[in-house]
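# build me a model from this:
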Amino acid sequence: MSTAISACSTLSRQHRAWIALYSLQMATSHRNQVLAQNNVTESDLVEYQESWVKMQVRRGMLEK
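Sure, this is the predicted structure:
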């Protein structure tokens, strides 16, 4: 079993969605590829985007 597959199987859907959102923000891959690699859907991204944004804001506050 590959590391990526085993990691995806142990991470929650929320965490996989956050990883996908980070990947999309960094523009490292095509959107469909990111979704497939993280085993998430567009609906998952929408569901967890608000919490991801909050986490980004907190992270920005800590870096100052």
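# next one, pLDDT for M55 please.
The per-residue pLDDT reported for M55 equals 91.
# from the chain's centroid, how far away is the longest helix seen in the chain?
The helix spanning the most residues in the chain, taking DSSP state H as the definition, is helix 42-63. How far helix 42-63 lies from its chain's middle: 9 Å, per CA atoms, centre = their mean, to the nearest Å.
# report all helices and strands that it contacts.
Applying 3 or more CB pairs under 8 Å, 6 or more residues apart in numbering; DSSP states H and E, we find helix 42-63 packed against helix 13-26. (Glycine included, C-beta is placed from N, CA and C.)
# what helix or strand is V40 on?
When elements are assigned from DSSP states H and E, V40 belongs to no helix and no strand.
# show me the shaky parts of this structure.
Residues of the chain meeting the criterion pLDDT under 70: 1-9, 61-64.
# ok, back up a step: pull out the buried residues from the longest helix of the chain.
Neighbour counts over helix 42-63 (16 or more other CB atoms under 10 Å) mark 44-45, 48, 52 as buried.
# for the residues you listed, give me a markdown table that also has distance to Q33.
Conversion of the buried residues of helix 42-63 to a markdown table gives the following (distance: CB to CB, whole Å):
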| residue | distance to Q33 |
| --- | --- |
| D44 | 15 |
| L45 | 14 |
| Y48 | 19 |
| W52 | 19 |
